[in-house]
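Q: Have a look at this prediction, sequence included:
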Amino acid sequence: MAFNGSGTFQRLYSWVNDAAANIKIRADRMDNEMNGMATGLSTCITKDGQTTVTANLPMAGFIHTGVGDGTARTNYASVGQAQDGKLNWVAAGGTADAITAVYAIAVTAVADGQLFYVRAGAANATTTPTFSPSGLTARTIVKNGGSALGIGDISGSGHEMILRYNLANTRYELLNPAITVSTVTDATISTSDITTNNASTAKHGWLKKLSNVATEYMDGTGAWSVPPVTTDATMTTTDITTNNASTSKHGFLKKLDNTATNYMDGTGAWSVPAGTPGGLTTIASGSFGAVTAVDITSIPATYRGLVLYIYNASNSVATRGLMINVNTGQGIGVNHTQQYTQISGTTITNPTAGSGACLWTTVTQTAAQVTNVMISFPAYQSGPIKTWSGEVNPATTANTWATAATNIWVNGMLFLTDGASNAIPETRAITGIRITWDNVATGVFDGGTYTLYGVN
């Protein structure tokens, strides 16, 4: 024997022991010893590669150092060779749709599931490109378990393809086809009655199928139902002021203050208004005394309009006609060449000097006649052109306004005249009114009352 099975070389004899035992040196014993040494040396691995290993070599944690790169399937691969990744990777040859690969270590047969790494040289132009490693039979490349490639699934030069061989179907599976992003539109999407991906209280999703009931709406649980309708009968309000109307937003009417004379102003406050809109406020009133004229002066410019009411006005002298003058800054009873146009009957004339700014006049009346007049001024402040309208009830048929003893309506517009009978619309404010007679030289009032109202 040479090695004991654990790698220890064992000699057959001991020269010291033989000498002590008076065993002489013999040829047979020498041959046996030397034959054992020869066997031991033949069992060792020679460094020049003469020896073929006949069993597995336990390295006990040690390594082979200074190894070269493997060049055949039966060679060791160095760590560097494996780290470089070149054993199973190569740049493609061939064409875009007939791809070849020449690996550093030739592939002599393809095993089921074997992986090939190839850098493409071009995009595939057909749906059936092929691959041939190391000159082996070219096989079709597919994807997703056998589906044909799409044009451009091999995206182009530089696409790092990963191919796995399917022996049963003799084809290569492209494990990393190019990702094509498609635009989803109304025309390309298709839905069904499957509810799996409907929105729910746990996740976003599709709107569930419509109920085909026009009065139903989807509630927060995903059910189609008829929502409650808020009416006067179902609404409940409180004393919370959060949603009251204000100067910055719409809202609820604030709580009433239970005061009948109060109204809500533009700030939202309940208060007593200066004048009730549409109501009348008395500016001046009284009975006609034995005077030739009554003047109403200092008329405030705070009202929407004015209404003058004269009741049963009469004169102590027969054949006197009632006349109403207005003051717009020229004075009451003015006497100069710039006068107001007087409307008398259906004729517009320039009043004579001394007649004042005449708004309206009746014809002369007989004794005991009385006149009732109501005249309104819709705009009397500075700015607008001064218009007026009125109702007259002369107690006789002898007048230029009507041919019967009945109420008639008159109206007009105040004009300035420039002395040459050229009419100029008046825009100044009416600040005073005179009630008098068409000839103030004789006769005084002997009856009647007057009231001037401001329209709020």
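A: Noted; the coordinates are in hand. Residues are numbered from 1 along each chain as shown.

Q: just for this protein, where's the confidence low?
A: Residue ranges of the chain with pLDDT under 70: 1, 180-182, 274-278, 319, 329-368, 392-424, 438-442.

Q: show me where it has helices.
A: Ranges of helices in the chain, per DSSP state H, are 15-20, 27-43, 79-84.

Q: Which one of those helices lies nearest to Y103?
A: Of all the helices of the chain, helix 79-84 sits nearest to Y103, with 12.4 Å by C-beta to C-beta. For every residue, glycine as well, the C-beta is placed using N, CA and C.

Q: Can you point out the buried residues in that closest one?
A: By neighbour count on 16 or more other C-beta atoms under 10 Å, the buried set for helix 79-84 is Q81.

Q: Packing partners of it?
A: Using 3 or more C-beta pairs under 8 Å, 6 or more residues apart in numbering; DSSP states H and E, no helix or strand is in contact with helix 79-84.

Q: In CSV, list the C-alpha atoms belonging to that helix.
A: C-alpha atoms of helix 79-84 as CSV (Å, rounded to 0.1, in the frame of the first residue of the first chain):
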residue,chain,number,x,y,z
VAL,A,79,-14.0,34.2,-11.0
GLY,A,80,-13.0,37.0,-13.3
GLN,A,81,-14.6,35.2,-16.3
ALA,A,82,-17.8,34.7,-14.4
GLN,A,83,-17.7,38.2,-13.1
ASP,A,84,-17.3,39.7,-16.6
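
Q: on that earlier part again, output the helices of the chain as CSV; include the columns distance to Y217.
A: Shown next, in CSV, are these (distance: least, C-beta to C-beta, whole Å):
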stretch, distance to Y217
helix 15-20, 112
helix 27-43, 93
helix 79-84, 66
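
Q: Which stretch among these approaches N262 most closely?
A: Among the helices of the chain, if distance is taken as C-beta to C-beta, the winner is helix 79-84, at 95.2 Å.

Q: Please report how far T8 lies from R171.
A: 56 Å (C-beta to C-beta, to the nearest Å).

Q: Surely V107 touches S132?
A: No: here V107 does not reach S132: they are 9.8 Å apart, not a contact under C-beta atoms under 8 Å.

Q: neighbours of the spatially closest residue to T436 that is not a sequence neighbour, just the number please.
A: Leaving aside its chain neighbours, T436 sits nearest to A293 (3.7 Å; criterion: C-beta to C-beta, 6 or more residues apart in numbering). A293 has 17 neighbours, counted by other C-beta atoms under 10 Å.

Q: what do you get for D232?
A: D232 - counted by other C-beta under 10 Å - has 5 other residues nearby.

Q: repeat for S314
A: S314: 19 surrounding residues under other C-beta under 10 Å.

Q: who are the neighbours in contact with it?
A: 368-371, 445-448 (C-beta atoms under 8 Å, 6 or more residues apart in numbering).

Q: for the chain, which residue is closest to the average position?
A: K249 (20.2 Å; C-alpha atoms, centre = their mean).

Q: sorry, back to before: which one of T8 and R171 is surrounded by more residues?
A: More crowded of T8 and R171, by other C-beta under 10 Å: R171, with 17 against 8.

Q: follow-up on the earlier one: can you add neighbour count and distance to G156 and give the contacts of S314 back as JSON lines?
A: Listed next are the contacts of S314 as JSON lines, based on neighbours: other C-beta atoms under 10 Å; distance: C-beta to C-beta, whole Å:
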{"residue": "A368", "neighbour count": "12", "distance to G156": "120"}
{"residue": "Q369", "neighbour count": "21", "distance to G156": "115"}
{"residue": "V370", "neighbour count": "18", "distance to G156": "113"}
{"residue": "T371", "neighbour count": "21", "distance to G156": "109"}
{"residue": "F445", "neighbour count": "23", "distance to G156": "114"}
{"residue": "D446", "neighbour count": "14", "distance to G156": "119"}
{"residue": "G447", "neighbour count": "14", "distance to G156": "116"}
{"residue": "G448", "neighbour count": "20", "distance to G156": "111"}
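
Q: quick one: which of the residues you listed is nearest S78?
A: Nearest to S78 among the contacts of S314, with distances taken as C-beta to C-beta, is T371, at 135.0 Å.

Q: From M323, how far off is that closest one?
A: 10 Å.

Q: quick one: the residue nearest to T436 from Y450, how far?
A: Counting by C-beta to C-beta, the gap from A293 to Y450 is 11 Å.

Q: next one: V67
A: Distance, V67 to Y450, using C-beta to C-beta: 134 Å.
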